[in-house]
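> the following comprises the amino acid sequence and a computationally predicted model.
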Amino acid sequence: MARKSANAPFLRNAWYVAAWSEELESGLMGRTIMNEPIAIFRNAEGKVCAVEDRCCHRGAALTAGKVVENGLQCGYHGLVFDGDGKCVEIPGQDMIPSIARVKSYPVVEKQEFIWIWMGDPKLATPETIADWSIHDQPEKYPHRKAVMPIKANYLMMIDNLMDLTHLGYVHTKTIGGNPKSHVAAEMETVRTETGCKFIRWMLDAVPPPTYVKGAGFTGRVDRWQEFEYVIPGAVRQWSGALEVGRGARENRDQEGFHLHLFHAITPETETSSFYFWSAANGYRQDDPQATEELYADTYPTFIEDVEIMGKQQARIDLDPYRPLLTIRADNALLHARRAFEEAYEREQRQMGAAAAE
Amino acid sequence: MARKSANAPFLRNAWYVAAWSEELESGLMGRTIMNEPIAIFRNAEGKVCAVEDRCCHRGAALTAGKVVENGLQCGYHGLVFDGDGKCVEIPGQDMIPSIARVKSYPVVEKQEFIWIWMGDPKLATPETIADWSIHDQPEKYPHRKAVMPIKANYLMMIDNLMDLTHLGYVHTKTIGGNPKSHVAAEMETVRTETGCKFIRWMLDAVPPPTYVKGAGFTGRVDRWQEFEYVIPGAVRQWSGALEVGRGARENRDQEGFHLHLFHAITPETETSSFYFWSAANGYRQDDPQATEELYADTYPTFIEDVEIMGKQQARIDLDPYRPLLTIRADNALLHARRAFEEAYEREQRQMGAAAAE
Amino acid sequence: MARKSANAPFLRNAWYVAAWSEELESGLMGRTIMNEPIAIFRNAEGKVCAVEDRCCHRGAALTAGKVVENGLQCGYHGLVFDGDGKCVEIPGQDMIPSIARVKSYPVVEKQEFIWIWMGDPKLATPETIADWSIHDQPEKYPHRKAVMPIKANYLMMIDNLMDLTHLGYVHTKTIGGNPKSHVAAEMETVRTETGCKFIRWMLDAVPPPTYVKGAGFTGRVDRWQEFEYVIPGAVRQWSGALEVGRGARENRDQEGFHLHLFHAITPETETSSFYFWSAANGYRQDDPQATEELYADTYPTFIEDVEIMGKQQARIDLDPYRPLLTIRADNALLHARRAFEEAYEREQRQMGAAAAE
């Protein structure tokens, strides 16, 4: 068996978040995904398109150009490409050869995300995009979003989210709380068709500062964290708490503290990624200030993750194949890694079969 | 046939601009050419010399030393080298072994340039240095000069100069003018003994801002651009315009707008270069302010080229062997590349023959 | 015979200065030595410990954690390691597997130094640590210390200290003095059991500014410099001067100018190092201002060395195997290099023998 790298390989036939819709305000932006520089633009009809950020003429970056009526115009000699990557204009000549094109990527704009498909376009399946219906209900779930560059392999962030015992060590200043109570939390993990899922219960616990501020708790709470990993790079989170005695385990869907987060990790290179997150206020929806406070609390908390992962990757880089020690707290993390690896092996077999045809 | 890289190789038996004379004011400077760090200095007799910027004793950079009576003195332990690279002094010993020397380079200072020969010194031919007699007539052609680092292979700059359709896309704010008029310009390209040459005519055209400011045009003009490429890294340019009806095609040498530029590109590494340029005011020679304005307009214009080429090279770096698309506007560019490639192949054959002797 | 690189290899079974004790004020610090990132910490009992700066669980940097009662706690998921690298706590589980450990390094804190052993811990011999008893007598030898990063292989700094003819070229502004007098100095070099040693005499010499300021000389002096190299990275220095006629050659230990320096060089990578130095005032011990002035003079002087060596290494990097020219002034340098090489070859043979057992 081949030795395994701590740096997960790229799963290609899958959807990744390329950007937030709001990042594309100027109409044109660049982002490198899986080592491929990509130009993302909104065409004259308002549709988001993604093409290779390299002109087929002399190799100039198309992001140095501009969006025009019929597509994206190169800023060097004026060639224009449509959203399918087809060249539709070459200044000074009428005939456009069929080889005049750049690679294009399937893109879906939905629920404030711009999703991109990095594999074979013929296999792209918009119906498998991870749903985040929270964004469809902005009044019920007011929210704010961010994107953070991470100097780590994309699955390091999945690892992070799948082992919440880190809260007591990394996030001592905000959502951490007592490390022992995190470690002692009841934890149940199950595999799902698209990844895995866990729910953690911290019963009769002291609510952390963010929770008290959010829901006005005066006593102890029953606190839960539900995390669902969707291969390869998405995690849906529902964290919350009810006062002890409200019967949280039987019915969580009562008034109390409710936090809905979506995490999406997109690989930039083997050892760097983009971390997109959206945090929805599910407790004081009528109070815009509460949503701002949630964002203002979450931002530095996630920066703590970004920093520890950067230092982790620097060490992993010394020898990515060096074995890591498995501990009990890794349970959900291992489920997630295994789910990812099975998907990756499946893709490798498919690619092998396709190549052999 | 071997696949061709977009990054041109180094032509060695050729003259390159190492520096402007005015850059050597302090008497000693360093510059890396073709990956070789070189110390350029003016010796006690006033002659410009160039030697390897590495002491043969302990490897210190000679540019950290100083010019003394008998040559260039290492700033670490005081060895002195003359302009031929011969060690002429070793502190603490009288005998200087014949192996005590550093590599030296043929250098010619002429017409404000310091030219350097990067190949076999025995083959150096000062008579083949590209002439720029404009610099011999400072009153007739008042001029200013600059040097800009470019993060691109040196021939990318030749490409840039050989395809002026980029003016309408890259230089929209200054000398660009209407893109269509550039694309539609009449263009005639011929090979020469030392490279190639084109002349472009834009007849009955609206003069761009720089031209109006320079020559006071009130109506439309006949505008020309004559560019001559001299292998490997020089381009002589004569751009100008006369009012429509003055018979520019029959005789350009009349009072009007006349701009004389010399462009020289010197490879620093495979993917970075130095861009030397000199711009001469051939229209309001008695007005020093006009020369300053010409420089002040040209500088940001050429910075636009520097920026687009940096982004182009970043894409080329992803795979220098990936084919590029040829379009009609590339005509002169292809002539220049072909002329260069023939010279390079000739040099390779000569080197092979010399090695076989 | 294999070609020799100017970049000396790492001698592993040896003591290196990892840090000054005073650098560990916060109780935890990181330093990379021989490409190995190391966490240095003072445990609850006050003992200095050094372990690999990489948690065996998920690879996080232990320097991102903190010192706790029972050792160094990882800042990601809370595992704790003692000074021997043994994991003593895993949150959430009682059983700690024996493979749960990180590499540890023998460390000795002595005379204000933190010494580290980079080779086989079984071979560590604290009794061979280079002694610097000057630090045991702070009243007789008031002193100040510094650490400077150097962008050069560690033996380049030994070369520097073993050839003092550089003083007249590199340190013209401070301790340099007349280059010729340095070159003409009487010099005697001998091999020692642990390296080599030289003494240089500059008789009837004009004292340099630092000396005049320090000891109030009004006339000429007899000046000496005694340097002892201790393999692999330490140099003990005693420089001084007495007025001419005081009989310095017969007895140096009289009132006059006395400077005691300890230099220690620790390899960070093949081409970068840490330079630790301590300068003791042995001439106006009751005057704290004199000690500060000594430090203030020495600091920029050694920065000059750091700068010239950075430029030297940049040239060496172009081809570390390219031969260097030996000159007469290299005598002590060659003794030191030879002593080092013999130690290195001895270590290689021992390692080969150990591997064959």
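Thanks, I have it.
> show me the beta-bridge partners of the closest residue to residue A:221 other than its chain neighbours.
Of all residues beyond its chain neighbours, the one nearest residue A:221 is residue A:241 (4.0 Å), with distances taken as Cβ to Cβ, 6 or more residues apart in numbering or on different chains. From N, CA and C alone the C-beta is placed, and that goes for glycine too. On the basis of DSSP bridges, residue A:241 takes part in beta bridges with residue A:223, residue A:257.
> distance of residue A:241 from chain B?
49 Å (Cβ to the nearest Cβ, to the nearest Å).
> per-residue confidence at the closest residue to chain C within the stretch 101-250 of chain A?
Of all residues in the stretch 101-250 of chain A, the one sitting closest to chain C is residue A:183 (4.1 Å; Cβ to the nearest Cβ). Predicted confidence (pLDDT) at residue A:183: the value is 72.
> could you pull out the strands for the stretch 201-350 of chain A?
A:221-230, A:234-243, A:257-269, A:272-281 (DSSP state E, counting those that start in this stretch).
> next, format those strands as TSV and append mean pLDDT.
Below are these laid out as TSV (pLDDT from 0 to 100):
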stretch	mean pLDDT
strand A:221-230	96
strand A:234-243	96
strand A:257-269	97
strand A:272-281	97
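> close to chain B: what parts of the stretch 1-150 of chain A are there?
Contacts of the stretch 1-150 of chain A with chain B, taken as Cβ under 8 Å from any Cβ of the partner chain, map to A:35, A:37, A:53-54, A:56-61, A:63-65, A:73-79, A:90-93, A:97, A:99-100.
> now intersect these with the strands, please.
Secondary structure of the residues of the stretch 1-150 of chain A next to chain B is defined by DSSP state E; positions in strands are A:37, A:73.
> hang on, the earlier thing: how many neighbouring residues does the residue nearest to residue A:221 have?
Residue neighbour count, defined by other Cβ atoms under 10 Å in any protein chain shown, stands at 28 for residue A:241.
> same deal with residue A:93?
Here the neighbour count serves as a burial measure; for residue A:93 (other Cβ under 10 Å) it reads 12.
> test my guess that the residue of the stretch 101-250 of chain A closest to chain C contacts residue C:90.
No: under the criterion of Cβ atoms under 8 Å, residue A:183 is not in contact with residue C:90, lying 9.5 Å apart.
> a markdown table for the strands of the stretch 201-350 of chain A, including distance to residue C:167?
Rendered in a markdown table, the data for these read as follows (distance: least, Cβ to Cβ, whole Å):
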| stretch | distance to residue C:167 |
| --- | --- |
| strand A:221-230 | 65 |
| strand A:234-243 | 63 |
| strand A:257-269 | 48 |
| strand A:272-281 | 47 |
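> rewinding a little: can you flag the buried ones in the residues of the stretch 1-150 of chain A next to chain B?
For the residues of the stretch 1-150 of chain A next to chain B, a neighbour count by 16 or more other Cβ atoms under 10 Å in any protein chain shown gives the buried set as A:37, A:53-54, A:56-61, A:63-65, A:73-79, A:90-92, A:100.
> got a pLDDT number for the nearest residue to residue A:232 once chain neighbours are set aside?
Nearest non-adjacent residue to residue A:232, counting by Cβ to Cβ, 6+ apart: residue A:11, 4.4 Å away. According to the prediction, residue A:11 has pLDDT 98.
> secondary structure class for the closest residue to residue A:69 other than its chain neighbours?
On the basis of Cβ to Cβ, 6+ apart, the spatially nearest residue to residue A:69 that is not a chain neighbour turns out to be residue A:44, at 5.4 Å. Taking DSSP: H, G, I helix; E, B strand; the rest coil as the rule, one finds residue A:44 in the coil state.
> what is the burial count for residue A:44?
Burial measure for residue A:44: 11 neighbouring residues, criterion other Cβ under 10 Å.
> neighbours around the residue lying closest to residue A:103 once chain neighbours are set aside, how many?
What sits nearest to residue A:103 in space, not counting adjacent residues and going by Cβ to Cβ, 6+ apart, is residue A:52, at 4.1 Å. Residue neighbour count, defined by other Cβ under 10 Å, stands at 20 for residue A:52.
> quick one: contacts for residue A:52?
Applying Cβ atoms under 8 Å, 6 or more residues apart in numbering or on different chains to residue A:52 gives the contacts A:36-39, A:62, A:85, A:102-104.
> swap in 7 Å and give it another go.
A:36, A:38, A:85, A:102-103 (Cβ atoms under 7 Å, 6 or more residues apart in numbering or on different chains).
> same question, residue A:322
The contact partners of residue A:322, taken as Cβ under 7 Å, 6+ apart, number zero.
> same thing but 8 Å
With Cβ under 8 Å, 6+ apart as the criterion, the residues that contact residue A:322 are A:6, C:59.
> helices of the stretch 101-250 of chain A, residue ranges please.
A:154-162, A:167-170, A:179-183, A:209-215 (DSSP state H, counting those that start in this stretch).
> out of these, which is the most enclosed?
Mean neighbour counts were compared across those using mean count of other Cβ atoms under 10 Å in any protein chain shown; the top stretch is helix A:154-162, at a mean of 25.
> state the mean pLDDT of it.
If you average the per-residue pLDDT over helix A:154-162, you get 97.
> which residue ranges make up each domain of chain A?
Following the assignment in automatic domain parsing, chain A carries domains at A:15-128, A:133-345.
> residue A:5: which of the ones you listed is closest?
Across the domains of chain A, the minimum distance to residue A:5, taken as Cβ to Cβ, is reached by domain A:133-345, at 4.3 Å.
> ok so, going back, next, format the domains of chain A as TSV and append distance to residue B:228.
Compiled in TSV, the domains of chain A are given as follows (distance: least, Cβ to Cβ, whole Å):
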stretch	distance to residue B:228
domain A:15-128	21
domain A:133-345	44
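> weakest of these by average pLDDT?
Looking at the domains of chain A, the weakest mean confidence is domain A:133-345, a mean of 93.
> start to end distance for that one?
Taking Cα to Cα, to the nearest Å, the span from the opening residue of domain A:133-345 to its closing residue is 30 Å.
> residue of the stretch 1-150 of chain A closest to chain C, please.
As assessed by Cβ to the nearest Cβ, chain C sits closest to residue A:6 within the stretch 1-150 of chain A, at 6.6 Å.
> burial of that residue, as a residue count?
The local packing of residue A:6 (other Cβ under 10 Å) involves 22 other residues.
> on that earlier part again, and the residue nearest to residue A:103, what are its bridge partners?
Using DSSP bridges, the bridge partners assigned to residue A:52 are residue A:38.
> ditto for residue A:189
Checking residue A:189 by DSSP bridges, which sets the bridge assignment, gives partners residue A:198.
> cool, and residue A:73?
The partner list for residue A:73 in beta bridges (DSSP bridges) reads residue A:66, residue A:80.
> my guess is it contacts residue A:65. True?
Yes: applying Cβ under 8 Å, one finds residue A:73 in contact with residue A:65, separated by 4.8 Å.
> not counting sequence-adjacent ones, nearest residue to residue A:104?
Residue A:104 sits nearest to residue A:85 (Cβ to Cβ, 6+ apart), 3.4 Å away.
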